[in-house]
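Enquirer: below is the sequence, then the predicted model.
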Amino acid sequence: MKDWMGKIRTLSLFSFLVIILSACGKDNLTALVPKGYGAEQSFNVIIISILVMIVVFVVVMAIYVYVVLKYRQRKGQEDQIPKQTEGNKTLEVVWTVIPILLLIIIAVPTIASTYDLADESEKEDSINVNVTGLQFWWNFEYPNEEIQTSQELYIPVDERIYLNMMSSDVIHSFWVPSISGKMDVSPENENTMYIEAYEEGVYWGKCTEFCGDSHSLMDFKIVAVSQEEYDEWVTAMQNTDPEYTAESATAQEGQELFENSCISCHAIDASANHPVVGPNLADFANRTKVAGINDFSKEEIVNWIVDPAEVKPGNGMLDAPYLEENTIGQEEADKIADFLLELKATDEPVDSVQQFRENEANEN
Amino acid sequence: MSTMVATNKKGFGATLWDYLTTVDHKKIAILYLVAGGFFFILGGLEALAIRWQLVQPMNDFVSAGFYNELITMHGTTMIFLAAMPLIFAFMNAVVPLQIGARDVAFPFLNSLGFWLFLFGGIMLNVGWFTGGAADAGWTAYAPLSTTSLGEGVDYYVLGLQISGAGTLIGGINFLVTIVNMRAPGMTYMRMPLFTWTAFVASALILFAFPALTVGLFLMMFDRLFGAGFFDPAMGGNSVIWQHLFWIFGHPEVYILALPAFGIFSEIISTFSKKRLFGYTAMVFATVLIGFLGFMVWAHHMFTVGMGPAANSIFAVATMAIAVPTGIKIFNWLFTLWGGNIQINTPMLWALGFIPTFTLGGMTGVMVAAASADFQYHDTYFVVAHFHYVIVGGVVFALLAGTHYWWPKMFGTILDDKLGKITFWLFFIGFHLTFFIQHFLGLMGMPRRYWVYLEGQGLDLGNLISTIGAFLMGIGTIVLLINIIKTSVKNEKVSGDPWDARTLEWAIPSPPPFYNFKQLPLVRGLDPLWVEKTEGRKGMTPAEPLTDIHMPNNSFLPFVMSLGLFIAGFGFIYQKYDLSWLIVLFIGMGITLGCMLIRSVKDDLGYHIHKEDLKKEAEE
């Protein structure tokens, strides 16, 4: 089946993209340029249904334009009474049966891919990630590797990764359009889906179930890396040190502040044992973005610490005592940022992340 | 009481009192039209605020919290407080006339239904003034809705509960009316399509609204009395709300869309000067859509994690609805075929509707494909889809109906030039706003987003969308100018200004308060047309001139609804302070007291004597 679908795809891809849309949106965000298995499956069904629907639309519009042009009242015809036709059984049968056939063309691949995308037969032998959605960030725990991280889900390319997803507050929804369609993250039922990325890169993820004030800012990323890089990253994460001591002087002061005000919610090592309270910061210095949305820079980190409500209204950090006590100003935040910038599992970010940061910096 | 009262000029106070107490379906129609029109404009202003917030990336026109209130109230207002009552306006104005009845079956309940809707609608909006309206989306998914702070969602729950009761009452009333009150000869298969669709929509109301009522009760107990029906921590389940909501919510789409189809069927047939092509198939398709409408609710929940079997079944069931919908589209096209198509404002809306709704139906099939919906779901693609259906189908129909039945309701005719200007502004604005949103969705813009980031390729599409929205706004202003101009000019028209086909056009515009002096004899589909083709001016009466039994006006429906409105505040604020229970008891006391009065006090109505009718005819 894949074969003829592929042909249809290439054929239609061209005409569809050229005629209807000159731009498909941002690379690594748009669902129109699939770069993963789920997105590709959905895209095939999208294309099939669009093609069928275009046929329907053309037929309807042809009749429509014809009747409106031909039978439009002309001057002097005001009193003409047309023939009062009751109907036509043959026509009724025609426009009942043909649509049914057209729908079958859509329904068959729909059902096939719906089952395919729900397939859990390889779950045991694949990488599993426990995804937790929270207002307004994401936690990713790798139970077999015994590590966890937040906001950025690292996966090796061309591998099926099974995501076991639950929310710890309201319903969220996990969507990385380039890689796969979405799945709700609910507080009572664990939902499982799998993803597979075809190319290395950083892909935008969005929360797609309305979840409160910063719903629109609950972005996350999938960082797809080579198998080799992935293995290195996992080992490095496993080796992150809970007792890490800052190197530079300002960072040391920052660490002290951090230990007073932040550590009750944020862990600095990637151990899966930490309860999911605030985002895990073990690999913070290698992030693509600050708070999932802002450019990765010290300035943005400081902004976030000083005034998190400005960046993400209603987020969980607004309950932090330091904000009420007003103990951390610009200067202190600067030191904490220095400390955070030392938190990294690997010395350098993976290639995908470096590339992504450069692209983002060039665009803005 | 004299029959002449209705025709006398009255002061403002008397008119107000008349409308507060009226049980006349035609006046209730006007009440629905005015109230629904008001909420339509309110919801429209909310929409413009939403679009202005999204005019550029990371805009800060409104705060996140206020934005969430705007989207919630926009959806809730447009569905429950604008579209529903406007549909009811036309059902009230037209259905009794189309079947040759003097009123609905239960005029008192008709009035009660309206006042419940209005007080419910006001209740929903009270939140704006008490620290924040509902902010959990019009779908109010738990646990976001059950944990939302403040009273906004409480107002949503109680407001919808009250107005929902009104809708349910209205639905039952129309079912009984259409079953029992058809004029002699008006068999089911001679009923005009609008009456048929009103009939099926009323049946849908009867079965769908109880699901909403149950859901809202559970949510009320969760929010106000500490229950945990939707709270997983207490053994509840939040997905149950989604099922209850959509078991109501999907039929609701057809409750709105079917009467819209009915309106277009009337208009297309009238202005093509042809009987509706494939009437039987149209009726069959209407019933089938209504039936299938109950089988597809879970297509709103493909990403909830129901599993591939449920997803596939609901996907196929949903696609099946495209078949009867297609039957309708083709029958409209073939009604036009061979016709003498007069393009005036109502017809222009109908002609604009066909391609627009076809697009909405097409994307409907696309989102029905579960595995593709994993991409569309909760993005602007879906926003585009349902606006194509609800604006392109329902709002177009309401605007068409406004122009088409305005003469019947008010005795004047809306300016055709201004009407056409409204159409083109609104039509172009609509497609500008929503067509691009299909692509925005697939390009990665989820719905209910307060802001979108810079550099995500979404800027241009959103800008275009906002420009379109403002065009629609201007179109609506032109409509208002048209209404004012027409009312000021006050040029009366005849009973049948369109040379139309159905019974409502056989009597004067606006009709006398008793509608038909003598019930008409219906001799076929399009009864007035049948008579006209046989050279008669009007309907043949089916009965001799006799006394007409009429219901008395009553102030009780208003007070009854007011009581529930007051009780609503007691329900909400007792969560902070139990002394508010007094308000609850006072409110419920008022309502129950009114019910008691209504039960024990005989109100047998009055008769218009045939002598008076004769005298009136001579004048």
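Expert: Sure, I can see it. Note that the coordinates shown come from a computational prediction; the quantities given were computed from them, not determined experimentally.

Enquirer: give me the local confidence score for whatever residue of chain B ends up closest to chain A.
Expert: Sorted by distance to chain A under C-beta to the nearest C-beta, the residues of chain B start with B:Phe374, at 2.2 Å. C-betas here are computed from N, CA, C, even on glycine. B:Phe374 is assigned a predicted lDDT (pLDDT) of 97.

Enquirer: may I see the buried residues of the helix or strand that it is a member of?
Expert: Assigned by DSSP states H and E, B:Phe374 falls within helix B:370-376. Neighbour-count burial for helix B:370-376 flags B:Ala370, B:Ser371, B:Ala372, B:Asp373, B:Phe374, B:Gln375, B:Tyr376 (criterion: 16 or more other C-beta atoms under 10 Å in any protein chain shown).

Enquirer: let me see the ranges of the helices in the stretch 101-250 of chain A.
Expert: Along the stretch 101-250 of chain A, the segments classed as helices by DSSP state H, counting those that start in this stretch run A:227-238, A:249-261.

Enquirer: right, is the helix or strand just after the longest one up against chain B?
Expert: Yep, that's helix A:249-261 we're talking about. Note on helix A:249-261: by DSSP H and E, the next helix or strand toward the C-terminus is strand A:289-290. No. Using C-beta under 8 Å from any C-beta of the partner chain, strand A:289-290 never reaches chain B; the gap is at least 9.7 Å.

Enquirer: how far off centre is strand A:289-290?
Expert: 15 Å (C-alpha atoms, centre = their mean, to the nearest Å).

Enquirer: what does stretch B:396-412 give?
Expert: The chain centroid and the centroid of stretch B:396-412 are separated by 15 Å, computed with C-alpha atoms, centre = their mean.

Enquirer: mean confidence for that stretch?
Expert: Average pLDDT, stretch B:396-412: 97.

Enquirer: what do you get for stretch B:246-262?
Expert: Across stretch B:246-262, the average pLDDT comes to 97.

Enquirer: stretch B:527-546 too?
Expert: Averaging pLDDT along stretch B:527-546 gives 92.

Enquirer: please enumerate the strands of the stretch 401-550 of chain B.
Expert: Applying DSSP state E, counting those that start in this stretch to the stretch 401-550 of chain B gives strands spanning B:548-550.

Enquirer: chain A contacts on that one?
Expert: Neighbours of chain A within the stretch 401-550 of chain B, by C-beta under 8 Å from any C-beta: B:439, B:442-444, B:446-458, B:533.

Enquirer: so which of the residues you listed sit within helices?
Expert: If you go by DSSP state H, these have B:Phe439, B:Leu442, B:Thr533 in helices.

Enquirer: got the contact list for the last one?
Expert: Pointing back at B:Thr533 there. Contact analysis of B:Thr533 by C-beta atoms under 8 Å, 6 or more residues apart in numbering or on different chains lists A:Ile81.

Enquirer: same deal with the one 4 residues further on?
Expert: By C-beta under 8 Å, 6+ apart, the contact set of B:Lys537 is B:Glu531.

Enquirer: that one and B:Phe271: what is the separation?
Expert: 21 Å (C-beta to C-beta, to the nearest Å).

Enquirer: in chain A, what residue comes closest to chain B?
Expert: Scanning chain A for the residue nearest chain B gives A:Gly181, at 2.2 Å (criterion: C-beta to the nearest C-beta).

Enquirer: tell me, how many residues neighbour that residue?
Expert: A:Gly181: 31 surrounding residues under other C-beta atoms under 10 Å in any protein chain shown.

Enquirer: same question, the one 5 residues further on
Expert: Neighbours of A:Ser186 under the rule other C-beta under 10 Å: 26.

Enquirer: nearest spatial neighbour of it, chain-adjacent residues omitted?
Expert: Closest residue to A:Ser186 apart from its sequence neighbours, by C-beta to C-beta, 6 or more residues apart in numbering or on different chains: A:Ile171 at 5.0 Å.

Enquirer: so that neighbour sits against A:Glu209, correct?
Expert: Yes. Counting by C-beta atoms under 8 Å, A:Ile171 touches A:Glu209, with 4.8 Å between them.

Enquirer: joint contacts of these two?
Expert: A:Asp184, A:Val185, B:Tyr141.

Enquirer: tell me the pLDDT at the first one?
Expert: According to the predicted model, the pLDDT of A:Asp184 comes to 97.

Enquirer: flag every buried residue along stretch B:59-74.
Expert: The neighbour-count check on stretch B:59-74 (16+ other C-beta under 10 Å) flags B:Val62, B:Ala64, B:Gly65, B:Phe66, B:Tyr67, B:Asn68, B:Glu69, B:Leu70, B:Ile71, B:Thr72, B:Met73, B:His74 as buried.

Enquirer: would you turn those residues into a markdown table with pLDDT and distance to B:Leu244?
Expert: Shown next, in a markdown table, are the buried residues of stretch B:59-74 (pLDDT from 0 to 100; distance: C-beta to C-beta, whole Å):
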| residue | pLDDT | distance to B:Leu244 |
| --- | --- | --- |
| B:Val62 | 96 | 31 |
| B:Ala64 | 96 | 28 |
| B:Gly65 | 95 | 27 |
| B:Phe66 | 97 | 28 |
| B:Tyr67 | 97 | 27 |
| B:Asn68 | 97 | 22 |
| B:Glu69 | 97 | 23 |
| B:Leu70 | 97 | 25 |
| B:Ile71 | 97 | 21 |
| B:Thr72 | 97 | 18 |
| B:Met73 | 97 | 21 |
| B:His74 | 98 | 22 |
